[in-house]
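Enquirer: Pasting the sequence and the predicted model now:
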Amino acid sequence: MTIKTKLRTFYILYLFLIHPPGAHSQSTSPDPALTNSLGNNFRLYTGAEYVRNGLRATGYPFFQSDSTLIGSLFYDGASYDNVPLQYDLVTDEVFIYDNINNVSISLVKDKLPRFTIGGHSFIRIKSDSASGFGDNKFYEVLHDGVYPLYARYDKKLVFPTNREDVLKYTSSNFYYLKIKDQYIHIDGQRALLHALDDKKDELKKYIRQNKPDFKHDPGHAYYMVLHYYTQLKH
């Protein structure tokens with residue numbers, strides 16, 4: 001734990017446990033219920049300081065918005081709801097804002113197996129030697145159940161190579177379908193139908209009738225087809 005983290009930890013404990021809000025001057029013991037509640041919330045404020053790069057770049061490194069979004073966390077064994085947070089797609093960091101110390105705090109990834117942000121659900125997929133998949137990064141769960149579908153969102157800070165170019169963020173999306181403990185990279189309609197080959201004719205008919213937009217909204221298109229495939233199978 002860094003010196004800055006230790007100082008922040010002590011200061012928060014001092015504010016809330018030594019002098020809890022609304023306590024009378026003659027009281028020397030904090031309310032046990034308040035202490036227990038703060039004990040859980042306190043875990044959120046012990047990560048490293050988050051530092052944003054590329055402030056002058058075109059675009060932003062975050063998921064969906066340059067501002068905080070409301071989400072939920074399962075962090076260090078405890079659940080937290082209605083938390084303002086941001087997700088940096090360049091560094092794969094989820095962070096919150098510490099109003100007391102006026103700093104952003106990056107949550108410890110190994111303590112964060114899942115979270116939601118702006119109505120989207122993410123999980124951390126660890127490396128799996130058996131399947132050869134997983135990089136300990138966060139993936140959005142687009143379709144859950146027997147045939148999970150995951151999306152990996154990446155952004156990069158691209159530096160100009162000439163005077164005409166500008167410092168900017170670029171983005172890339174990758175999709176993976178999990179079938180029988182194997183992760184299949186899905187990069188278009190053909191790859192999806194190949195993975196779901198046992199119902200290919202029915203799925204082709206469904207695609208012709210419903211026209212999912214594989215070009216402009218591939219994540220939703222994959223979800224539509226996979227949802228229908230699940231109905232056919234079960």
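Expert: Ah, there it is. Keep in mind that what you see is a predicted model, and the values were worked out from it rather than measured. Residues are numbered from 1 along each chain as shown.
Enquirer: Show me what the mean pLDDT comes to for stretch 46-66.
Expert: Averaging pLDDT along stretch 46-66 yields 90.
Enquirer: same question, stretch 221-229
Expert: Stretch 221-229 comes out at a mean pLDDT of 97.
Enquirer: List the buried residues in that stretch.
Expert: 221, 222, 223, 224, 225, 226, 228, 229 (16 or more other Cβ atoms under 10 Å). For the C-beta atoms, the positions are set from N, CA and C on the backbone; glycine is no exception.
Enquirer: In helices, which of the residues you listed appear?
Expert: Among the buried residues of stretch 221-229, DSSP state H puts 221, 222, 223, 224, 225, 226, 228, 229 in helices.
Enquirer: Nearest to residue 73 among the residues you listed?
Expert: Closest approach between those and residue 73, by Cβ to Cβ: residue 223, at 24.2 Å.
Enquirer: Check the contact between that closest one and residue 141; I expect there is one.
Expert: No: look at residue 223 against residue 141 with Cβ atoms under 8 Å: they stay out of range, at 10.4 Å.
Enquirer: Identify the contacts common to those two.
Expert: Common neighbours of residue 223 and residue 141 are listed as residue 149 (criterion: Cβ atoms under 8 Å, 6 or more residues apart in numbering).
Enquirer: Mind pulling up the pLDDT for residue 78?
Expert: 91.
Enquirer: At the geometric centre of the chain, which residue sits there?
Expert: residue 122 (4.6 Å; Cα atoms, centre = their mean).
Enquirer: partner residues bridging that one?
Expert: Residue 122 has these beta-bridge partners by DSSP bridges: residue 115, residue 140.
Enquirer: where does residue 154 land in three-state SS?
Expert: strand (DSSP: H, G, I helix; E, B strand; the rest coil).
Enquirer: what about residue 164, which SS state?
Expert: At residue 164 the chain is in coil, as set by three-state DSSP.
Enquirer: Against residue 69, how distant is residue 106?
Expert: For residue 106, the distance to residue 69 equals 16 Å [Cβ to Cβ, to the nearest Å].
Enquirer: on that earlier part again, what separates the residue nearest to the centre of the chain from residue 164, distance-wise?
Expert: Taking Cβ to Cβ, one finds residue 122 at 37 Å from residue 164.
Enquirer: Could you do residue 148 as well?
Expert: Here the criterion is Cβ to Cβ. By it, residue 148 lies 43 Å from residue 164.
Enquirer: Which one of these two is surrounded by more residues?
Expert: Ranked by neighbour count (other Cβ atoms under 10 Å), residue 148 and residue 164 place residue 148 first, with 17 against 6.
Enquirer: residue contacts, the more buried one?
Expert: So residue 148 contacts 141, 177, 178 (Cβ under 8 Å, 6+ apart).
Enquirer: Would you verify that the last one is located in a strand?
Expert: By that I understand residue 178. Yes: under three-state DSSP, residue 178 falls within a strand.
Enquirer: What are the phi and psi values at the closest residue to it other than its chain neighbours?
Expert: Of all residues not flanking residue 178 in the chain, residue 148 sits nearest, at 4.5 Å (Cβ to Cβ, 6 or more residues apart in numbering). Dihedral pair for residue 148: phi -70, psi 140, per degrees, to the nearest 10.
Enquirer: swap in residue 191?
Expert: phi -70, psi -40.
Enquirer: next one: residue 165
Expert: Dihedral angles (degrees, to the nearest 10) for residue 165: phi -80, psi 160.
Enquirer: ok so, going back, save the buried residues of stretch 221-229 as JSON lines, and put in distance to residue 190 too.
Expert: Shown next, in JSON lines, are the buried residues of stretch 221-229 (distance: Cβ to Cβ, whole Å):
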{"residue": "221", "distance to residue 190": "13"}
{"residue": "222", "distance to residue 190": "12"}
{"residue": "223", "distance to residue 190": "17"}
{"residue": "224", "distance to residue 190": "16"}
{"residue": "225", "distance to residue 190": "12"}
{"residue": "226", "distance to residue 190": "15"}
{"residue": "228", "distance to residue 190": "17"}
{"residue": "229", "distance to residue 190": "15"}
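Enquirer: Many thanks, have a good one.
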